[in-house]
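K.L.:
based on what follows, work out the 3D shape:
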Amino acid sequence: MSAPPTAAGTTLSTRSRSLQLLGIFSGLTAGAWLGAAEAPTKLVTLGLSPMVISLVMVVGVFLARWSLPALILGASSIRADARRAPHLILWAILAGCLWAVANTLTVYAIRDIGLSIAFPLWNSNSLLGILWGFLFFNELRGAGLSRWLGVLGGTLVMCVGAAVLAVASSGTHTPGTNPMHGVLAALGAGVLWGTMYIPYRKAYLSGMNPLSFVTFFTIGELGMMSALSFGTLGAQTLFAQLSSARGVIFWLMLGGFIWVIGDLFQQYAAKYVGISRGIPLSNTNQLWGLLWGVLVFGELHGRSTTTYAQVIGGSLLMILGVAAISLSSASPKESAQWRAAALRESDRYGLSPDFVEARMDGRQSSGEAPPSRGLFDWLFVALTTAVFICLGTIARVPDIPAHWTPAILLSIVSLILLVACGLRLWRTTRFQ
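P.N.:
A predicted model of the protein is given here:
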């Protein structure tokens with residue numbers, strides 16, 4: 001007869017369930033903000049170069065990735081993570097490089113085939129994320145048939161729903177000179193983004209805080225994007241286009257800032273439910289992107305009732321897929337496999353097993369100094385604020401047909417999710 005569970009074991013199980021629910025909530029919140037961040041890329045329809053759009057967005061990303069961690073935890077926590085696991089800095093920079101190339105490809109895809117079609121193509125990264133999670137990080141090992149069916153089946157249902165949405169919206173955008181290039185660009189972005197999650201998961205199994213990881217991540221983003229922009233356009237052309245686009249730079253940088261907020265929640269989803277579940281959940285950004293495209297930019301205006309039926313049906317399929325994934329939480333056997341992968345990482349790089357264990361549980365390890373903010377943190381927050389205020393004073397409303405009432409409503413819903421999930425993260429993990 002087996003012994004009854006100990007109080008410690010019961011507490012650990014309760015903590016594990018709480019963190020998994022937090023990861024699911026974070027993934028869904030990420031979808032709302034990542035979907036909203038794609039709206040500024042519609043500026044490509046004004047004739048702006050995709051390189052210029054992507055570069056300016058990455059500058060906004062850079063400011064957000066340094067100011068938000070400084071505001072939430074302070075640079076002292078980031079320095080401590082860097083000293084403890086310096087090898088992860090290189091992984092973060094590599095992930096940033098992959099993101100910069102993928103983001104640029106999405107702008108080309110939107111230009112050539114439209115936002116509604118591009119979204120489901122690059123969200124194929126969900127299936128790639130499941131593969132990498134299984135091969136490299138023991139995700140879904142020991143999960144049992146029901147959870148395998150929930151995650152893989154839910155992801156496939158989401159992909160079918162995404163395809164239905166793509167068919168429904170296929171006539172909402174006039175293709176560019178070569179729509180096949182747009183399809184290849186969107187698929188290429190999906191491959192790069194799916195692969196980008198390998199450094200994410202590796203970092204969190206090693207105990208690095210998501211806020212520290214994204215700070216180093218942006219070095220790769222800005223470096224790669226600068227190299228692509230100067231190498232493709234040349235300095236003279238690039239500065240000329242930036243000058244001509246100064247009236248919309250604020251909106252592009254704001255899009256980058258919004259993307260970082262979504263990505264931070266995505267990071268916590270990847271940490272607490274793994275990339276095999278976190279990526280599909282955050283890929284609900286397609287539903288949010290559809291709402292922005294349809295309600296704000298009128299992408300389905302004048303279409304037939306059949307088209308609207310396809311949109312509703314595809315959306316319901318995606319929601320069913322999300323529900324299946326959300327209900328397929330990690331079993332105790334799978335959680336043990338995750339911890340085995342974390343132990344492998346701590347042995348490989350000489351990390352303290354106690355520290356890695358504590359960070360996996362969303363808490364500080366014993367003897368770890370609490371995070372603090374210094375003068376540098378507040379200066380960077382002030383500098384970022386000043387940059388956006390300055391750009392806001394010269395910004396103009398883009399000459400793009402848009403309905404502002406639904407834009408405001410979608411923004412309010414996104415803010416509610418931000419506050420609710422942010423408070424849950426703080427109360428449960430103190431953003432660890």
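K.L.:
just after the lowest-mean-pLDDT helix or strand in the chain, pick out the following helix or strand.
P.N.:
Each helix and strand of the chain was given a mean pLDDT (mean pLDDT, DSSP states H and E); the minimum falls on helix 115-122 at a mean of 70. Later in the chain than helix 115-122, the nearest helix or strand by DSSP states H and E is helix 125-137.
K.L.:
tell me the buried residues in that following helix?
P.N.:
For helix 125-137, the neighbour count (16 or more other C-beta atoms under 10 Å) marks 125, 126, 127, 128, 129, 130, 132, 133, 134, 137 as buried. C-betas here are computed from N, CA, C, even on glycine.
K.L.:
equivalent analysis for stretch 411-427, please.
P.N.:
Per 16+ other C-beta under 10 Å, stretch 411-427 contains these buried residues: 414, 417, 418, 421, 422, 424, 425.
K.L.:
not counting its own residues, what contacts that stretch?
P.N.:
22, 25-26, 28-29, 32-33, 36, 261, 265, 268, 288, 431 (C-beta atoms under 8 Å, 6 or more residues apart in numbering).
K.L.:
emit the PyMOL select command for whichever of those are buried.
P.N.:
To isolate the buried ones among the contacts of stretch 411-427 in PyMOL, judged by 16+ other C-beta under 10 Å, type:
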select buried, resi 22+25+26+28+29+32+33+36+261+265+268+288+431
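K.L.:
check which helices and strands the longest helix along the chain sits against.
P.N.:
The single longest helix within the chain, with elements called by DSSP state H, is helix 7-37. Applying 3 or more C-beta pairs under 8 Å, 6 or more residues apart in numbering; DSSP states H and E, one finds that helix 7-37 contacts helix 249-273, helix 275-282, helix 285-291, helix 332-349, helix 404-429.
K.L.:
what angle sits between it and helix 249-273?
P.N.:
Inter-element angle recorded for helix 7-37 and helix 249-273: 160 degrees (by axes from the mean of the first three to the mean of the last three C-alpha atoms, to 10 degrees).
K.L.:
report the buried residues of the next helix or strand after helix 7-37.
P.N.:
The helix or strand immediately downstream of helix 7-37 is helix 50-72, counting by DSSP H and E. Residues of helix 50-72 classed as buried: 50-70, 72 (neighbour count, 16+ other C-beta under 10 Å).
K.L.:
what mean pLDDT does helix 50-72 have?
P.N.:
Throughout helix 50-72, pLDDT has a mean value of 86.
K.L.:
spit out the contact partners of the nearest residue to residue 107 once chain neighbours are set aside.
P.N.:
In space, residue 107 comes closest to residue 50 once its chain neighbours are excluded; the distance is 3.7 Å by C-beta to C-beta, 6 or more residues apart in numbering. Each residue near residue 50 by C-beta under 8 Å, 6+ apart is listed here: 44, 104, 107, 108, 111.
K.L.:
pLDDT check: weakest of these?
P.N.:
Among the contacts of residue 50, residue 44 has the weakest pLDDT, 55.
K.L.:
check which helix or strand residue 191 maps to.
P.N.:
Short version, using DSSP H and E: residue 191 is in helix 179-205.
K.L.:
how far off centre is the next helix or strand after that helix?
P.N.:
Counting by DSSP H and E, the next helix or strand C-terminal to helix 179-205 is helix 210-233. In terms of C-alpha atoms, centre = their mean, to the nearest Å, the centre of helix 210-233 is set 15 Å apart from its chain centre.
K.L.:
what helices or strands is helix 210-233 leaning on?
P.N.:
Counting by 3+ C-beta pairs under 8 Å, 6+ apart, helix 210-233 packs on helix 50-72, helix 75-84, helix 87-113, helix 179-205, helix 235-244, helix 249-273.
K.L.:
CA atoms only: put the second one into CSV for me.
P.N.:
C-alpha atoms of helix 75-84 as CSV (Å, rounded to 0.1, in the frame of the first residue of the first chain):
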residue,chain,number,x,y,z
ALA,A,75,19.6,46.3,-13.4
SER,A,76,21.1,44.6,-10.3
SER,A,77,19.0,41.5,-11.0
ILE,A,78,20.1,41.5,-14.7
ARG,A,79,23.8,41.8,-13.7
ALA,A,80,23.4,39.0,-11.2
ASP,A,81,22.0,36.7,-13.9
ALA,A,82,24.8,37.6,-16.3
ARG,A,83,27.5,36.8,-13.7
ARG,A,84,25.8,33.5,-12.8
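K.L.:
might one say that residue 410 is in contact with residue 288?
P.N.:
Yes. Using C-beta atoms under 8 Å, residue 410 is in contact with residue 288, at 7.5 Å.
K.L.:
need the residues touching each of these two.
P.N.:
What both residue 410 and residue 288 touch, as defined by C-beta under 8 Å, 6+ apart, is the set residue 36.
K.L.:
any idea which of the helices and strands packed on helix 210-233 gets closest to residue 141?
P.N.:
helix 179-205 (13.9 Å; C-beta to C-beta).
K.L.:
what about the closest one, distance to the chain center?
P.N.:
Using C-alpha atoms, centre = their mean, the offset of helix 179-205 from its chain centre is 11 Å.
K.L.:
may I see the buried residues of that helix?
P.N.:
179, 181-205.
K.L.:
next, the angle helix 249-273 makes with it.
P.N.:
50 degrees.
K.L.:
shaky segments in the protein?
P.N.:
Along the chain, the model assigns pLDDT under 70 to residues 1-12, 40-47, 114-117, 165-178, 299-302, 367.
K.L.:
gap between the most centrally placed residue in it and residue 273?
P.N.:
Compute the mean C-alpha point of the chain, and by C-alpha atoms, centre = their mean the closest residue is residue 263, 3.3 Å away. With distances taken as C-beta to C-beta, to the nearest Å, residue 263 is found 16 Å from residue 273.
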